[in-house]
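Novice: Coordinates only, no sequence provided:
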């Protein structure tokens, strides 16, 4: 069974631009969560989507948004990029929204200059 | 306000010895705890979990201990192997299907 895939793997953007990241979950998984990883901060929860609906949201500004499609694939969008948005963005899928086990993709490394 | 803390950013252990990674949490509502391992350029991979109704869970070389009164859990790796060198994240889940809260991670280096 294929794992969680994320595209692109690396991205360089300039301040003020916007970016869209993509995540394809494991086949059959309906929940997709997004995390931001920065040095010293661990993984900060952004939001979770289940069956195309946002279930949970972390403490991030409205510049961070997401959506999920009917095939469970998810996209995350960041508008008006700031230097502090440079991070590794990880996507995780799980079978059910309350599942205790999440499977992570390799992440998208975003650099904002 | 960091609800899950891993106060040791790094840990070095000799091959064959025991590695003990610690994690403290502040929210007594957490009902499930997990450990993830992360290699560079890869996403975290699930290692072991423990429910709040237990105080110990074992899987091969990995054992997780939970002390609810102290709000503390630890991951023991015995014996440690060089391939265990990675960043280890502790995570806790709020009840009723809420999201996971992750600690900042501890980088383990197992020296041959």
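Specialist: Nice, I can see it. All of these numbers come straight from a predicted model, not from anything done at the bench.
Novice: Next, count neighbours for residue B:89.
Specialist: For residue B:89, the neighbour count with other C-beta atoms under 10 Å in any protein chain shown is 25. Yep, even glycine has a C-beta here, placed from its N, CA and C like the rest.
Novice: cool, and residue B:62?
Specialist: Going by other C-beta under 10 Å, the residues that sit close to residue B:62 add up to 17.
Novice: For residue A:84, give me phi and psi.
Specialist: phi -70, psi -10 (degrees, to the nearest 10).
Novice: Quick check: residues of chain A near chain B?
Specialist: Those residues of chain A that sit near chain B, judged by C-beta under 8 Å from any C-beta of the partner chain, are A:4, A:33, A:35, A:40-45, A:48, A:55-56, A:58, A:90, A:92, A:97-98, A:100-107.
Novice: which residues does the residue positioned nearest the centre of chain A contact?
Specialist: In chain A, the centroid-proximal residue (C-alpha atoms, centre = their mean) is residue A:34; its distance is 3.3 Å. By C-beta atoms under 8 Å, 6 or more residues apart in numbering or on different chains, the contact list for residue A:34 reads A:23, A:45-48, A:66, A:74, A:76, A:89-92.
Novice: Ranking by neighbours, what's the top pick from those?
Specialist: That'd be residue A:91 among those, by other C-beta under 10 Å, with 30 neighbours.
Novice: How about the residue nearest to the centre of chain A, nearest residue that isn't a chain neighbour?
Specialist: Leaving aside its sequence neighbours, residue A:34 sits nearest to residue A:46 (C-beta to C-beta, 6 or more residues apart in numbering or on different chains; 4.1 Å).
Novice: quick check, the one you found in a strand?
Specialist: Yes: judged by DSSP: H, G, I helix; E, B strand; the rest coil, residue A:46 forms part of a strand.
Novice: from what I can see it touches residue A:62, true?
Specialist: No: Residue A:46 is beyond contact range of residue A:62, at 11.9 Å (criterion: C-beta atoms under 8 Å).
Novice: Many thanks, we can stop here.
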